[in-house]
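Trainee: Sharing a sequence plus its predicted fold:
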Amino acid sequence: MKTSRYVVCGFILFALVLGTRVRSWAQDVTYDEILHSSSHPQDWLTYGGNYASQRFSELKQVNTENVKDLRIQWVYQLKHQGIFESSPIVVDGLMYVTEPPTTVTALDVRTGKPVWRWSAELPRDLLTIGLFPTNRGVAILGDTVYVATIDAHLVALDAKTGALKWSVEIGDNKRAVAITQAPLAINGKIIVGMGGGEGGLRGYIDAYDAKDGHRLWRLYTIPTTGEAGVETWEGDSYKYGGATTWNTGAYDPETNTLFWGTGNPAPDWNGDARKGDNLYSCSLLAIDADTGKMKWYFQFSPHETHDWDAAEPPILFDATIDGKERKVVAQADRNAFYYVLDRETGKFIAGQAYAKQTWAKGLDANGRPIELPDIEPTKKGNLVYPSITGSVNWTSSSYSPLTGLFYVDTREQGAYYYKGNPEMEPANPRDIGGGGGQKVVLGDAAYSAIRALEGTSGKLKWEFKMVGDSWTGTLVTAGNLVFCADAGGNFFALNAETGKPLWHIQLGNSVRANPITYEVDGKQYVEAAAGNSVFVFSLP
Amino acid sequence: MTARHRFLWIALFALVFLAWTPAASAQIGPAGPPPHSPHPKPTAESLAEGKTLFEGTCAGCHGLDGSGANGPNIRQMGKILGPEGVYTVIYTGGAMGSGMPAFSSLGEKNIWLLVNYVSSFSETGGGAVNGDPVKGKEVYESNGCSSCHMIDGRGSDSGPDLSKIGSVRSAGFLHDALIDPGANLPQSDASLQERANYPSYTMYRVTMKDGKVIEGTRVDEDSFSLQLRDAKGQIHSVEKLQAEKIEVVPGKSFMPSYKDKLSETQLNDLVSYLASLGAAQ
């Protein structure tokens, strides 16, 4: 009896001592907290850092003066190797990362030690057409973590333990529906799109009840018979025209509007069987978050034939343009143009090319591209800029309200586009074949650059050139720093106003993800996923 | 310790254990392909089907003709690995870190279509070889080639390793490279994946801020550093921020032209020898 009393007393004492150093893992995130995420920048609560998807952090402990002292705090090596593109969520002492193809791991942010891990059980005949089997992150709301699986399920997990709460099917993986994106949690709803457009699908985006996973609405991105816009697809091509919704969008709580990009029309490189503008492929959709009804759309690339999806995360901000206060949504598109739109009406405000492109003379007054002749793929191959992977792809850009600049990891590369057979059997997802092919131009003339664009116009303010083909998102902080990485494994910080490099570290593999930042016990950390590892940095 | 105390300890450990056990187990994929049907003989029809599948699935990384894009040149893959080997690579994915995912989901029939189409690459192209490879080997050994090149671990690695050069370069290319070495430098040397995207052996001249000048061929480069090998084989690591000027010297190579050093017969013999390296395996 005496011994047990000592044990209990010992534990109480131990807990008291620890209590001064341990913050409990509450893991209960309210909608209001996400709404005001800028007021508690110690956490990273959504894929885009905030609903505006700005990937801007108010943290400024690490700044232009001391960033040179940044050093590795811990490294977590994945248990499931593969293509690692995860952008973590950090809440109250835990970091949620996703390992390929669909594993969620919760890490102690102080040490990098795993607290729990959950893996989706995947079918042996998993279909991933036109995409890599990976996952880019989770969403969190209340005490629940939400992940979309590669075989197209939305799964809810207990944020503290990883225990499965429920799982619902978003789409049929046997028909090539596959998901790599992070869902977006808003007030009581989980918003998630889908991918697999090269498999002969009709794209859609869904909202699910955060509590039990029942579907609240579905918006198809291609109109069907009797709906306006179906006439922009020849014959029955609308039935398998792609236009998926494979990357995470943004949300404007003021107007309860979601902003989500759509993918390319299918088949990719041969548009003969789908003559017309192919609405709403390669577009930005503004969607009523309660009803799923489309408020407006803006199509960046009508009748697209180069695989230039418009799935790049859009960024919302307010700015003064021509003396007027405007609420805008901006997107650096895969097609090499930067666009500024009125986010209430979808009206084009400004735009210009931010990378080399050889397919359009420019944009007209409504933002529609003025296409040049002979830009279509051909049997022999047609050299067009940008390349299939685009001037930017799925990686996120960032926007700083302090500098008014939009930071995009830009790719400068062209490709030979080949036209092939457009025939396909819609019932067979493996049959679609892309309708041709492409070959990117390699060599020293192909490179990447961090470009800082004036948010309101797209005008180039500065650039930082890199060697190779970078696939990293940008992060900008109130410490006046932009973090990004090159293809050669260098993770670095630039002065957000000038682009001057201030710090870099060789991580041994490329950073194929969006970096984030957070704070624990008054110390700022910066995270980057390189190769098959999570690296976390802080000042000494 | 009484039975009661033991129970307390066991309960405590059980609680700790339960609290830290991951909620679900992972599914681990198979190490290799499961038993499958034997290699089907290619037909004109199946090659055409394989071509369509290749262009939609593989060409994005390996190029439409298999000569490489973001991924490596695979034109000789069929010859090197054989049909079962190619099947395994497609089914399980490329080597660790190669970035090539497993394409097991394509299914047996489609994988065999790809195997046959990929294997058909090695049957085409390559140029005429009319020299004597045995004599060519003598030419190689008596002209100091191994002071810069390596074959099966012998020689120096200042220049490209030639152990399998016959599987990646045509005879015509090899002949031209002996005449004018700097004219057509290798476009995608995949011996190191990191440098597969830009031409290898490009000559650089770097002037450092302290006035020092380094000239050499590029071994590797990223946004902040440049690794050069000078004419003596010495490696130099250049921190770009410390360089005053970095210039590319196009069309130049440390390798001399053999146009006037070898007779046409000797050249053909040498090409014939080089073309045989790695090609028949």
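Mentor: Done, it's in.
Trainee: what's around the nearest residue to A:Thr128 once chain neighbours are set aside, how many residues?
Mentor: The spatial neighbour of A:Thr128 that comes closest, neighbours along the chain excluded (Cβ to Cβ, 6 or more residues apart in numbering or on different chains), is A:Ala178 at 5.0 Å. (C-beta placed from N, C-alpha, C; glycine too.) Number of residues near A:Ala178 (other Cβ atoms under 10 Å in any protein chain shown) recorded here: 29.
Trainee: quick one: A:Ala178 and A:Pro123, what's the gap?
Mentor: Counting by Cβ to Cβ, to the nearest Å, the separation of A:Ala178 from A:Pro123 is 11 Å.
Trainee: Give me the common contacts of those two.
Mentor: Overlap between the contact sets of A:Ala178 and A:Pro123, as judged by Cβ atoms under 8 Å, 6 or more residues apart in numbering or on different chains, is given by A:Asp151.
Trainee: Show the average pLDDT along the helix or strand hosting B:Glu247.
Mentor: When secondary structure is defined by DSSP states H and E, B:Glu247 falls within strand B:243-249. What strand B:243-249 shows for mean pLDDT is 93.
Trainee: For the residue nearest to A:Gly473 when sequence neighbours are not counted, which residues are in contact?
Mentor: Leaving aside its sequence neighbours, A:Gly473 sits nearest to A:Asn514 (Cβ to Cβ, 6+ apart; 3.0 Å). The neighbourhood of A:Asn514, defined by Cβ under 8 Å, 6+ apart, consists of A:55, A:87, A:395-396, A:472-475.
Trainee: hang on, the earlier thing: pretty sure the residue nearest to A:Thr128 contacts A:Asp151?
Mentor: Yes - shown here, A:Ala178 and A:Asp151 form a contact pair, counting by Cβ atoms under 8 Å, at 6.9 Å.
Trainee: Poorly predicted segments of the chain, please.
Mentor: You didn't say which chain, so I picked chain A. Residue ranges of chain A with pLDDT under 70: A:1-26, A:422-433.
Trainee: Let me rephrase: I mean chain B.
Mentor: Counting by pLDDT under 70, chain B contains low-confidence residues at B:1-32, B:60-61, B:67-73, B:94-99, B:122-129, B:167-170, B:184-198, B:279-281.
Trainee: which ones are touching whichever residue of it sits closest to chain A?
Mentor: Nearest to chain A in chain B, going by Cβ to the nearest Cβ, is B:Asp222, at a distance of 2.8 Å. Taking Cβ under 8 Å, 6+ apart, we find B:Asp222 in contact with A:466-468, A:486-490, A:506.
Trainee: Phi first, then psi, for it.
Mentor: The phi/psi pair for B:Asp222 (degrees, to the nearest 10) reads phi -130, psi -170.
Trainee: in stretch B:134-142, what's buried?
Mentor: Buried residues in stretch B:134-142, counted by 16 or more other Cβ atoms under 10 Å in any protein chain shown: B:135-137, B:139-140.
Trainee: What about these, which are in strands?
Mentor: Taking DSSP state E as the definition of strands, the buried residues of stretch B:134-142 contribute nothing to them.
Trainee: Grab the two from those residues that are most spread out in space.
Mentor: By the measure Cβ to Cβ, B:Lys135 and B:Tyr140 form the most distant pair in the buried residues of stretch B:134-142, at 9.8 Å.
Trainee: can you list residues touching both of the two?
Mentor: Residues touching both B:Lys135 and B:Tyr140 comprise B:Tyr273, with contact defined as Cβ under 8 Å, 6+ apart.
Trainee: ok, back up a step: in CSV: the contacts of A:Asn514, plus distance to A:Asp307 and neighbour count.
Mentor: As requested, the contacts of A:Asn514 are exported to CSV (distance: Cβ to Cβ, whole Å; neighbours: other Cβ atoms under 10 Å in any protein chain shown):
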residue, distance to A:Asp307, neighbour count
A:Arg55, 25, 31
A:Ser87, 23, 27
A:Thr395, 16, 24
A:Ser396, 20, 29
A:Thr472, 21, 27
A:Gly473, 20, 30
A:Thr474, 23, 27
A:Leu475, 27, 26
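Trainee: wait, which of those is closest to A:Tyr204?
Mentor: Ranking the contacts of A:Asn514 by separation from A:Tyr204, with Cβ to Cβ as the measure, puts A:Ser396 on top at 22.5 Å.
Trainee: Surely that closest one touches A:Thr472?
Mentor: No - using Cβ under 8 Å, A:Ser396 and A:Thr472 do not qualify as a contacting pair, with a distance of 9.4 Å.
Trainee: Just list whatever residues bridge to A:Glu99.
Mentor: Beta-bridge partners recorded for A:Glu99 (DSSP bridges): A:Thr103.
Trainee: Touching, it and A:Leu78? I think so.
Mentor: Yes - here A:Glu99 reaches A:Leu78: they are 4.9 Å apart, a contact under Cβ under 8 Å.
Trainee: Which strands and helices lie in contact with the strand holding B:Glu247?
Mentor: Using 3 or more Cβ pairs under 8 Å, 6 or more residues apart in numbering or on different chains; DSSP states H and E as the contact test, the elements touching strand B:243-249 are strand B:203-208.
Trainee: The strand it packs on and chain A in contact?
Mentor: No - residues of strand B:203-208 are not located near chain A by Cβ under 8 Å from any Cβ of the partner chain, the shortest gap being 10.9 Å.
Trainee: Off-centre distance for stretch A:447-462?
Mentor: Stretch A:447-462 has its average C-alpha position 19 Å from the chain's average C-alpha position, going by Cα atoms, centre = their mean, to the nearest Å.
Trainee: Show the end-to-end separation of it, please.
Mentor: 16 Å (Cα to Cα, to the nearest Å).
Trainee: now swap in stretch A:517-534 and tell me
Mentor: Using Cα to Cα, the end-to-end distance of stretch A:517-534 comes out at 13 Å.
Trainee: Flag every buried residue along it.
Mentor: Within stretch A:517-534, the residues that qualify as buried by neighbour count (16+ other Cβ under 10 Å) are A:517-520, A:524-534.
Trainee: and chain B, which of those contact it?
Mentor: Checked against chain B using Cβ under 8 Å from any Cβ, those give the following subset in range: A:Gly531.
Trainee: Out of the buried residues of stretch A:517-534, list just those in strands.
Mentor: The subset of those that ends up in strands is A:517-520, A:524-530, A:533-534, with DSSP E as the criterion.
Trainee: which one of those residues is nearest A:Thr232?
Mentor: The shortest approach to A:Thr232 among those belongs to A:Ala529, at 39.1 Å (Cβ to Cβ).
Trainee: Report the beta-bridge partners for that closest one.
Mentor: Using DSSP bridges, the beta-bridge partners of A:Ala529 come out as A:Val534.
Trainee: Cheers, nothing more for now.
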